[in-house]
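Novice: Got a predicted model here, sequence first, then my questions.
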Amino acid sequence: MMAVAEVIVDVPTMQTNRPFEYEIPDSLVEVVIPGVRVEVGFGKGKRKVQGFVMEVRDHSDFTGKLKPIERVIDVKPVLSQEMIKLSYWLADTTYAFQISCLQTMLPNVMRAKYKQFVVASEGFENDADVKKLLDNQLTLEITKDTEEQTLRKIAKLKRAHKIDIEYVVENQANSLTRQVITTDLNTDQLLEAKDKLRSNAKAQHNLVDFLLSHHDDLPIEVSNLENQFKITRATLKTAEKNNLLKFIEITKRRKPVGINPERTSNLELTEEQSTAVKDISDSIVDDKSDTFLIEGVTGSGKTEVYLQSIQKALEQGKTALMLVPEISLTPQMVNRVIGRFGDQVAVLHSGLSSGERYDEWSRIENGSVKVVVGARSAVFAPLDNIGLIIIDEEHEASYKQDDNPRYHARDVAKWRSDYNNCPLVLGSATPSLESRARAQKGVYKLINMTKRINNHALPHVQIVDMRNAENSAVKGDFSPLLQDNLWRVLKRKEQAIVLLNRRGYSSFLMCRECGFVLKCPNCDVSLTYHKNLGKMKCHYCGHEENVPHICPNCKSKKIGFYGTGTENIEKQLNEIYPDARVLRMDVDTTRRKGSHAALIEKFSKHEADILLGTQMIAKGLDFPNVTLVGVINADTTLSISDYRASERTFQLLTQVSGRAGRAEKEGHVIIQTYNPDHYAIKDAAMQDYETFYKQEMYLRHQSGYTPYYFTTLISVSHQIESQALKQSFWLKKQLQTALSDKAILLGPSPTMIARKQNKYFYQIIVKYKHEPKLHEKLMEILNDTQGEARRGFSIAIDNEPQHID
Ligand SMILES: Nc1ncnc2c1ncn2[C@@H]1O[C@H](COP(=O)(O)OP(=O)(O)OP(=O)(O)O)[C@@H](O)[C@H]1O
Ligand SMILES: [Zn+2]
Ligand SMILES: [Zn+2]
């Protein structure tokens, strides 16, 4: 009987998006098991690719000759059974290639990297052209530096079948163990040894000279010797035989977050907290895959609920996974978890080098870690026997990946919770509408936490109507009320947070007199300015109109593009409060690794009085001395051309307000806006999620959006604009024939950035309630269009998009 492996190969095309059968040679039968990576031949010629073994069987129905597995890359599986199963589901629901899904689950360093070599074809070893190309060597490596001229020669010789290209898989994770050399000989002994060397052993003489001059630097990494000092491995090997030096393998163990917080123990729970912990614990103990939604006001102590629930899972001999938004992965949050669970915790975040990430991954994989805290991709952490999964700030859009595979961590977490029979806990002061609606229906179990710890009051929020703000007293972007309150905070030696609500591009048009924002007559979303068209355009349906110069609402001329940068606000603060210490936090000041955490550390030590920043300062932070929060321009998020604009605005304002008055001192919030009557702003001022939820649900129902409708966004791109448009119409027609007349198709319309990387983008939005044929049709379209990809045409499908732009 022949052993056969089902392998997903690393060739990301539609045609290869399925397992291929390979013969397992007898010599490899014990090592080829599901979850290991292998190297296999693929297609014609000597092309070698990496693949994942999904399944092993003892027979094949295939009658022809199967190719054998060439080599096994991993000595033990890098993917568990759970991950293998998950990858099928993930590929299916995100329309991604399964190979992309498998690779997404692993740390970057383990992704396949190939080296390509040119070798002479059999019988052409002595061909003059070949010899010239190879420069009399056996192989020539093709790199990104290889000149075009050479590439053309290679192509020509390849067509003439005089050469072959070989792929060699490079396993980057190997760089983890480093090899160093050192010597037991002192300098005198080295000199002595040198005298004994044969005089023609030139390399050895040089090497000893090197060891003498670098004696204090030993041990030295072999790769350094090779790269920097051009000492070959062969020379080192000979020296080893001559007892001049020895090789040592060192495994690098990198400790990612350089923090060692004090150990903490369980706090005594409030009544609300203890009910929450009890409910979650019951599900853990009973192995139930319930989903809980904790709707808990800012400062209600959700973190303590997470920690004590994790503890419960550990007591049951299980593990726990906790996701937080990337931006919250500051020492503040990490300290809280490590402080409670110490060495059993692994932290995964984007600040880690790929090596550090790999280390954390292996610690999890080999079972030395029981708790994982991390951002979105940590949802794939190779934890075994999970007893609890937590997603903090579950409403955050960053839990959805923007690239293939376009997965939402919440959905993956739900899948893993079902697989592991363990509860999933979603927590937020401002749950996403989807989640809250599911709790309404009883799909999720709702846990309410309505009080702040120690019954501290929620902050007192005031709305400043910027339309009427007395012009003489407004300094730059600061209303008199905000100015006065900042003075007071500074005088009392307390701290303030100032939020500048900013979005990616300044394409939004607003009337400064009445707050009017131009909306699409069909779609109820804001129109966006398209520079290249000089027009206002709807991203949903493509409706366009001219840029108004007079406000259609109040006839004022003060309608225009609106937006200030953080630097500008910082300057204003420095002018109004010359003695205040201001910390600015935005993409510019946080670019460097660790700078985000450093700024937060600084502010928490009260080395600054005012923390000025963008969205990134709005949530999760816990500074007891902050008594004032000022919001400069609440309207910006309101006018994003997305049906979630109100939801995003409400969330942002509620979250940032929640930073004030978290401890003994009372909190105060000032929101400056041109839309003081907008429900999202008024409800946020009252910190009233439930009222907002009801109003927003009503509007979503009226206009047919999530959670009443599902949305799928399909974007089409092509190098030639007319082709992009033509293909999108073709695609729309395809969809129309497959879907019922209840489905709503919007577009095609150009995307916000209509042209990037020399491609033109158009999008179609499908809104639907029940369309069983949609999935199949989209798969079919992907299949059909695959062949066109070479001509610069591509289609991207995003299920439940978080942004439409
Ligand atoms: N049972 C408790 N006894 C005393 N202090 C507590 C207790 N639970 C939590 N705290 C403290 O209360 C503060 C607020 O808690 P936490 O940061 O967990 O709030 P949260 O619900 O996550 O708020 P947000 O949604 O605003 O992030 C923290 O400083 C925390 O240490
Ligand atoms: Zn529209
Ligand atoms: Zn107006």
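Specialist: On my side now, so go ahead. Numbers count the residues shown, from 1 in each chain. Ligands and ions are numbered 1, 2, ... in the order given.
Novice: Name the residues that touch the lengthiest helix in the chain?
Specialist: Counting by DSSP state H, the longest helix found in the chain is helix 721-738. Identification of contacts with helix 721-738 by Cβ atoms under 8 Å, 6 or more residues apart in numbering yields 714, 716-718, 743, 745, 747-748, 755, 759-764, 766, 773-774, 776-777, 781, 785, 793, 795. For every residue, glycine as well, the C-beta is placed using N, CA and C.
Novice: which bits of this structure sit near ligand 2?
Specialist: Contacts of the chain with ligand 2, taken as Cβ under 5 Å from the ion, map to Cys520, Asn522, Cys523, Cys538, Tyr540, Cys541, His543.
Novice: between the residues you listed, which is nearest Ala201?
Specialist: Tyr540 (76.4 Å; Cβ to Cβ).
Novice: Figure out the helix or strand that the closest one lives in.
Specialist: Using DSSP states H and E, Tyr540 sits within no helix or strand.
Novice: mean confidence score for the longest helix of the chain?
Specialist: Mean pLDDT, helix 721-738: 91.
Novice: Tell me which residues of that helix come out buried.
Specialist: Gln723, Ala724, Leu725, Gln727, Ser728, Leu731, Lys732, Gln734, Leu735, Ala738 (16 or more other Cβ atoms under 10 Å).
Novice: ok, back up a step: pLDDT-wise, what's the bottom of the residues of the chain next to ligand 2?
Specialist: Cys523 (76).
Novice: Identify all contacting residues around the helix or strand containing Leu628.
Specialist: Assigned by DSSP H and E, Leu628 belongs to strand 626-631. Strand 626-631 has contacts (Cβ under 8 Å, 6+ apart) with 459, 478, 482, 485-486, 488-489, 492, 494-499, 501, 611, 653, 656-657, 659-662, 665-673.
Novice: let's see it at 6 Å
Specialist: Under the contact criterion Cβ atoms under 6 Å, 6 or more residues apart in numbering, strand 626-631 has outside partners 482, 485, 489, 494-499, 656-657, 659-661, 665, 667-671.
Novice: now do stretch 672-685
Specialist: 461, 463-467, 479, 515, 632, 634-635, 646, 649-650, 653-654, 691-692, 695.
Novice: show me where pLDDT drops low in the stretch 701-805 of the chain?
Specialist: 752-758, 787-791, 805 (pLDDT under 70).
Novice: try 90 this time
Specialist: Low-confidence segments of the stretch 701-805 of the chain, defined by pLDDT under 90: 703-704, 706, 717-725, 727, 747, 749-762, 779-796, 802-805.
Novice: Which one of the residues in it is closest to ligand 3?
Specialist: Using Cβ to the ion, the closest approach of the stretch 701-805 of the chain to ligand 3 is made by Ser703 at 23.4 Å.
Novice: hang on, that residue packs against Asp524?
Specialist: Yes - using Cβ atoms under 6 Å, Ser703 is in contact with Asp524, at 4.9 Å.
Novice: all helices for the stretch 251-400 of the chain, in order.
Specialist: 271-285, 302-315, 331-341, 354-365 (DSSP state H, counting those that start in this stretch).
Novice: ok, now the stretch 451-600 of the chain?
Specialist: With DSSP H, counting those that start in this stretch as the criterion, the stretch 451-600 of the chain has helices spanning 480-491, 566-576, 595-604.
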